[in-house]
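[1] Fold the stuff below for me.
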Amino acid sequence: MMGIILATAGHVDHGKTTLIKKLTGIDTDTTEEEKKRGLTINLGFAHLKLPNKSTIGIVDVPGHEKFLKNMLSGLSGIDAALLVVDPNEGVMPQTIEHARILLLLGVTKFIVVITKVDTVDKDMVELVHEDIKESFSGTPIEKAEFFDVDAVSGTGVTDLIYGIQKLCSSIDNTDISGYPRLNIDRSFSLKGIGTVVTGTLQDGNLSLDDKLVLYPQEKEVNIKNIRVYEGNTTSAQYSTRTALNITLPSETFHRGDVLATPNTIEVVDRINVVCDILSIPDLDLKLNDRVRVYMGSKEVYGRIYPLGKNEIIPGETNFLQIRLEDNIAVRYQDKFILRSYSPIKVIGGGRVLEMNPTNKRRFDSDTLKRLEIRLENKCTDVILEYFISNNIITVDKNHLSKYFNYSMEKVQNALDELVSKKHLAKFGNEYLVIDVIENKNKEVLEFLDQYHGKYSLRKGIALAEIRSKYFKEYTESDFENFVNFNIEEKILKKEGSLLSRFEFKVELNNHQKKNVDYLLGILDKEPFIPQKINDVANSEELKELIFISPNDYFVNLDNEFVLSKKAFLKLEQKIIDYINKNEKLSLADYRDITNSSRRYAMIVLEKMDSLNITARKENYRVLGDKANVF
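    Next up, the predicted model:
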């Protein structure tokens, strides 16, 4: 059995604190005011060692309506609840209020405890049983196990302890992300020790060596000591009440702040949520109404806006956007409670589906589709939608795990399923999103088709131009993955720094072939004398033929002069033969071989140097590594 947190719930003075003291031996009324007034004001904490030697935490929350805000701050990370009812009064307003809050937070594991049973007869106890089942008909409370207990005499306490053990053994809270978080519900300073903060540790285990960040302030924090229940330790297990002795001064902290590992929390002032709105009398919620939002141990004001509907409907599940008046630190699927601004009453509760959403109309179809998928919270569907809506090419598993608060195992299983369904491709050590690549391909291939149609004699378009036009928001690695994946799939082809469709080839039509013959006719008059391109090609159409790559007809020497390829190959062979015989070649030697000028000799030999046909040594040429390059 992993760490479990149990909360008490019930009306003021129904015996919650007395019951906890009987179960644990710990008095959760710790302040002088609480003892004087005989009711719990602040959160009280205790722990219970069960017969099977496991230990669970217990949160004693205030029962008085006046202190409901304090009660709400203690309910983050609750696994189960004891609903406590005094048979002398039965179900009271705060019994219903507490139960509603727990149900809205998704708590489904309950034990109903009838306290003070030795003060009433059995018939009264039976009537209270029926009252509770009727009051909570259709909820998990109706089918919960009931225990009749008297904390003063000890009646039923042993049975209750075994009932708690049984309930806890049925709770599976092992599906955690591994990223620890502490919603701070208390902070104080102790002389000689320093700052101490407390809360229920959620989502992962914590050790002394872990680095934490205080949110929303985003300040780094070091841990000096960890205390779990009543003992110092070097690590704390999730779902345990935990106290941390940390490095920042106590005035830095406030109830509602969050300690978490770096980059695992979103600081937001706007959230899209799913919210169950209670069907209660005189509840009239309108667009832009001000509400109180309780999340973790934080209270913040906000305004609500229905999504996909014109109005907020009581008794139904609604998608809402809540625009907050202060920043809060949240994770995906965090639970919250809504209370009206005035008069103050609980009106609903739900889960966070989207953090800091972009500005969209309230009826935006993409937003509503995304919220429907996240409402179901099937990891595979959530991740795929996230890839597509954010145009992600290369998967970052660590980011997915942190952003959605999923375990790495859960993320990996989802990626494997998406690969099997052809939504992702395993590419080396990366996962690439096929759906996004196919969408980008539509843009890139359409552009390439237009380019090939307009410049049919060009081998392709520069990679840098494609990157600038369609991949500005992507990393260089993303762009490389896109290109290389399409090359492997034989959709695109890359030659040097140029990109084309895989099947594209430079081919001359009859008109272009006639123009080639025309240009060759001019060049063949003095085949070994370079001609100026502007002199032989007096139109862009003719110049385009000279710049074909690969070129079977012309050799562009320096973007100003040109030779026919046939002539260039003959010159190459003449030079190779000469150097093989004489070991080296000077400009004067070249001039004598070709009967040309020194200027033309330099132009041709520099081209051959660039192709590594020749290599310059002082004032001579020797053979390069790529003689006979053509």
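
[2] going forward, measure contacts between C-alpha atoms and count neighbours the same way
    OK.

[3] Can you give me the neighbour number for residue 509?
    9 (other C-alpha atoms under 10 Å).

[4] how close does it get to residue 20?
    Residue 509 sits 93 Å away from residue 20, going by C-alpha to C-alpha, to the nearest Å.

[5] Might one say that residue 362 is in contact with residue 311?
    No: with contacts defined as C-alpha atoms under 8 Å, residue 362 does not count as touching residue 311, sitting 11.1 Å away.

[6] With neighbour numbers in mind, choose between those two.
    Counting neighbours by other C-alpha under 10 Å for residue 362 and for residue 311 shows that residue 362 has the greater number, 17 against 14.

[7] show me what contacts that one?
    305-309 (C-alpha atoms under 8 Å, 6 or more residues apart in numbering).

[8] cool, and residue 131?
    Contacts of residue 131 (C-alpha under 8 Å, 6+ apart): 90-91.

[9] Am I right that it sits in a helix?
    Yes: under DSSP: H, G, I helix; E, B strand; the rest coil, residue 131 falls within a helix.

[10] Which residue lies nearest the spatial centre of this protein?
    residue 403 (2.9 Å; C-alpha atoms, centre = their mean).

[11] Name the nearest residue to it, ignoring sequence neighbours.
    residue 264 (6.5 Å; C-alpha to C-alpha, 6 or more residues apart in numbering).

[12] Check what contacts the lengthiest strand in the chain and list those residues.
    Taking DSSP state E as the criterion, the chain has its longest strand at strand 317-330. Identification of contacts with strand 317-330 by C-alpha under 8 Å, 6+ apart yields 215-216, 257-258, 265-277, 298, 300-308, 312, 355, 371.

[13] Which segments of this structure make up each domain?
    5-169, 181-260, 266-369, 378-507, 524-623 (automatic domain parsing).

[14] Take those domains and write them to TSV, including distance to residue 513 and mean pLDDT.
    Listed next are the domains of the chain as TSV, based on distance: least, C-alpha to C-alpha, whole Å; pLDDT from 0 to 100:
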stretch	distance to residue 513	mean pLDDT
domain 5-169	77	81
domain 181-260	69	88
domain 266-369	53	92
domain 378-507	10	94
domain 524-623	9	90
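
[15] Redo those domains as CSV? Include distance to residue 514.
    Formatted as CSV, these follow (distance: least, C-alpha to C-alpha, whole Å):
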stretch, distance to residue 514
domain 5-169, 80
domain 181-260, 71
domain 266-369, 56
domain 378-507, 13
domain 524-623, 11
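
[16] Show me where the stretch 201-350 of the chain has its strands.
    Secondary structure of the stretch 201-350 of the chain (DSSP state E, counting those that start in this stretch): strands at 206-207, 211-215, 219-228, 231-233, 235-236, 241-246, 258-260, 266-277, 290-295, 298-306, 317-330, 335-340, 346-355.

[17] so how far is the last one from its chain's centroid?
    The gap between the average C-alpha position of strand 346-355 and the chain average comes to 19 Å, counting by C-alpha atoms, centre = their mean, to the nearest Å.

[18] helices and strands around the next helix or strand after it, which ones?
    On the C-terminal side of strand 346-355, the nearest following helix or strand under DSSP states H and E is helix 365-376. On a contact count with 3 or more C-alpha pairs under 8 Å, 6 or more residues apart in numbering; DSSP states H and E, helix 365-376 meets strand 266-277, strand 346-355, helix 379-389.

[19] other SSEs contacting the last one?
    Which is helix 379-389. Looks like helix 379-389 contacts helix 365-376, helix 408-420, helix 434-454 (3+ C-alpha pairs under 8 Å, 6+ apart).

[20] residues of the shortest one that come out buried?
    Which is helix 365-376. By neighbour count on 16 or more other C-alpha atoms under 10 Å, the buried set for helix 365-376 is 367, 370-371, 373-375.

[21] Next up, the contacts around the residue nearest to residue 403.
    179, 331, 402-403, 405.

[22] cool, and residue 608?
    Counting by C-alpha under 8 Å, 6+ apart, residue 608 makes contact with residue 614.

[23] nearest spatial neighbour of residue 532, skipping sequence neighbours?
    Excluding the flanking residues, the one nearest residue 532 by C-alpha to C-alpha, 6+ apart is residue 561, at 4.5 Å.

[24] And residue 520, by the same measure?
    Using C-alpha to C-alpha, 6+ apart, the closest residue to residue 520 is residue 564 (6.6 Å).

[25] so how far is residue 531 from the one you found?
    Distance from residue 564 to residue 531, by C-alpha to C-alpha: 10 Å.

[26] Between these two, tell me which one has more neighbours.
    Applying other C-alpha under 10 Å to residue 564 and residue 531 shows that residue 564 carries more neighbours, namely 25 against 19.

[27] Output the longest strand of the chain in CSV with nothing but the alpha carbons.
    Output in CSV follows, covering the C-alpha atoms of strand 317-330 (Å, rounded to 0.1, in the frame of the first residue of the first chain):
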residue,chain,number,x,y,z
THR,A,317,-20.9,19.8,-17.2
ASN,A,318,-19.6,22.9,-18.8
PHE,A,319,-16.4,23.9,-20.6
LEU,A,320,-15.3,27.3,-19.2
GLN,A,321,-12.4,29.7,-19.6
ILE,A,322,-11.4,31.3,-16.3
ARG,A,323,-9.4,34.5,-16.5
LEU,A,324,-7.6,34.9,-13.2
GLU,A,325,-6.7,38.0,-11.4
ASP,A,326,-3.4,36.6,-10.2
ASN,A,327,-0.9,34.1,-11.4
ILE,A,328,-1.2,30.5,-10.2
ALA,A,329,1.0,27.4,-10.6
VAL,A,330,-0.8,24.5,-12.1
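
[28] Show me what secondary structure element comes after the one helix or strand residue 102 maps to.
    Element membership for residue 102 (DSSP H and E) is helix 93-104. Moving toward the C-terminus from helix 93-104, the next helix or strand (DSSP H and E) is strand 110-114.

[29] residues in contact with that next one?
    Residues contacting strand 110-114 (C-alpha under 8 Å, 6+ apart): 80-87, 125, 140-141, 144-149, 164, 167.

[30] Narrow the residues you listed to those in helices?
    Among the contacts of strand 110-114, the members found in helices (DSSP state H) are 125, 164, 167.

[31] how many neighbours does the nearest residue to the second one once chain neighbours are set aside have?
    Nearest residue to residue 164 in three dimensions, chain neighbours excluded: residue 111, at 7.6 Å (C-alpha to C-alpha, 6+ apart). One way to gauge burial is a neighbour count; for residue 111, by other C-alpha under 10 Å, it gives 23.

[32] what sits opposite residue 111 in the beta ladder?
    residue 82, residue 145 (DSSP bridges).

[33] Run through the helices of the stretch 451-600 of the chain in chain order.
    In the stretch 451-600 of the chain, the helices defined using DSSP state H, counting those that start in this stretch lie at 463-470, 476-488, 510-523, 533-536, 540-546, 565-582, 587-594, 598-610.

[34] quick one: which of those is nearest residue 190?
    Nearest of these to residue 190, taken as C-alpha to C-alpha: helix 476-488 at 50.8 Å.
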